[in-house]
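K.L.:
A structural model of the following input is requested.
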Amino acid sequence: MNRPAIETHRLSAGDLELLVTNFGCRVMQLWVPDREGTPRDVVLGYNRIEEYLDNREERFLGAVCGRFANRIAGGRFRIGEHTYQLPTNDNGQTLHGGVKGLDSVVWEIRERSQHRICFHYLSEEGEEGFPGNLSIDVCYELTPDNSFLIDYRATTDRTTPVNLTHHSFFNLRGEGCGTINDHILTIHADRFLPIDRRAIPTGQIAEVEGTPFDFRTPRRIGERLDVPHAQLEAGHGYDHCWVLNGEGFRRAAEVAAPDSGIAMEVWTDQPGMQFYGGNFFDGRTPAKSGRGRYDFRGALALETQLFPDAPNQPHFPDPFLTPERCYTHRCLYRFTRCDRRE
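P.N.:
Below you'll find the model as predicted:
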């Protein structure tokens, strides 16, 4: 079977410009104008494809993650009477699809234009231990209103868990421009999922009221990171799934960098959103701009998705795709101007 060659493609629409590769459907660059109209690249990454191929420490930068994004406890789940064991790659858990997830494969490009590109991949039966052949389509589109739209679609010939997400790491001051702790964040969620020391949900669905996880009104990300709280200790900061309010395609979050004037809205039709605050960046990776390195809490991810470990938690939204159904997921990142200055 002939595998597609690794390619890059540049999209543009409105004031946005995006560079993407079919290796893991990665976003390599995303240029957004700041308050003065100067474009800034707001996603972390590398300048050369070879750096993505060689670097396993930061393997998820800008990629599509799956078959099952986030974590599965012990890499195990049951379907009927059969227990499936997946490779584990994160402290004894399976993270973002395993040792070689969707971020680590070359996708076929099925459609491309100035503002849109569509990828296809067939994840075959047994890949990373998952049952069923899973046919996946992912489309990226830039729109005239400065939005980056992602549409996912998947079908299977055998019941299998599916949870796909996009994993760009954003710094709205520009990649390599310091911490995101001064970004202003709002999350439209009254509840979140507490985790244990393995970063696996405990099964509880907790209220954010009275906790450092309450972002229902705009707050600086770093404002309460030093507050003693068991969940901040468990996640080494913020690395949790919020249970989004409402249903259908709705706004999940807003984040803004007051000094650059760049703001971003997140919209989705999914029940959850993982907010990761860059807790494991350690300065080893140089910024692609040459402006230093990717330091501790130098970026954030806002990953729309189903709930982590859902295959093992029956009261969570159903993650199992059957041959009679089609998995769909829509996520939109809309860029606007932030009037607030600090």
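K.L.:
Surely I187 is in contact with F275?
P.N.:
Yes - the criterion here is C-beta atoms under 8 Å, and I187 meets it with F275 at 6.6 Å. Where you see a C-beta, it was placed from the backbone N, CA and C, and this is true even at glycine.
K.L.:
Next one: the residue of the chain most remote from its centre relative to R40, how far apart?
P.N.:
Here the chain reaches farthest from its C-alpha mean at E81, the gap being 32.0 Å by C-alpha atoms, centre = their mean. Here the criterion is C-beta to C-beta, to the nearest Å. By it, E81 lies 54 Å from R40.
K.L.:
go on, T304?
P.N.:
23 Å.
K.L.:
what about the two, which has more around it?
P.N.:
Using other C-beta atoms under 10 Å, the more surrounded residue of T304 and R40 is T304, with 27 against 20.
K.L.:
where's that one, which helix or strand?
P.N.:
strand 301-305 (DSSP states H and E).
K.L.:
Just checking: what are the partner strands of the helix or strand that that strand is followed by?
P.N.:
Downstream of strand 301-305, the next assigned helix or strand under DSSP H and E is strand 320-321. With DSSP bridges as the test, strand 320-321 is paired with strand 160-161 (antiparallel).
K.L.:
Pull the residues that contact the strand it pairs with.
P.N.:
67-68, 72, 77, 79, 130-132, 134, 310-311, 319-321 (C-beta atoms under 8 Å, 6 or more residues apart in numbering).
K.L.:
Let me see the ranges of the strands in the stretch 1-150 of the chain.
P.N.:
With strands called from DSSP state E, counting those that start in this stretch, the stretch 1-150 of the chain shows them at 8-13, 16-21, 26-33, 39-41, 63-65, 71-72, 76-79, 82-85, 94-95, 108-112, 116-123, 134-143, 147-156.
K.L.:
how about those in JSON lines, adding mean pLDDT and distance to N279?
P.N.:
Below are the strands of the stretch 1-150 of the chain laid out as JSON lines (pLDDT from 0 to 100; distance: least, C-beta to C-beta, whole Å):
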{"stretch": "strand 8-13", "mean pLDDT": "98", "distance to N279": "30"}
{"stretch": "strand 16-21", "mean pLDDT": "98", "distance to N279": "26"}
{"stretch": "strand 26-33", "mean pLDDT": "98", "distance to N279": "21"}
{"stretch": "strand 39-41", "mean pLDDT": "98", "distance to N279": "22"}
{"stretch": "strand 63-65", "mean pLDDT": "98", "distance to N279": "17"}
{"stretch": "strand 71-72", "mean pLDDT": "98", "distance to N279": "15"}
{"stretch": "strand 76-79", "mean pLDDT": "98", "distance to N279": "26"}
{"stretch": "strand 82-85", "mean pLDDT": "98", "distance to N279": "28"}
{"stretch": "strand 94-95", "mean pLDDT": "98", "distance to N279": "14"}
{"stretch": "strand 108-112", "mean pLDDT": "97", "distance to N279": "34"}
{"stretch": "strand 116-123", "mean pLDDT": "98", "distance to N279": "29"}
{"stretch": "strand 134-143", "mean pLDDT": "98", "distance to N279": "27"}
{"stretch": "strand 147-156", "mean pLDDT": "98", "distance to N279": "24"}
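K.L.:
before we move on, back to that, could you report the pLDDT at the residue farthest from the centre of the chain?
P.N.:
pLDDT recorded at E81 is 95.
K.L.:
Pick out the least confidently modelled helix or strand of this protein, by mean pLDDT.
P.N.:
Sorted by mean pLDDT, DSSP states H and E, the helices and strands of the chain end with helix 49-54, the least confident at a mean of 88.
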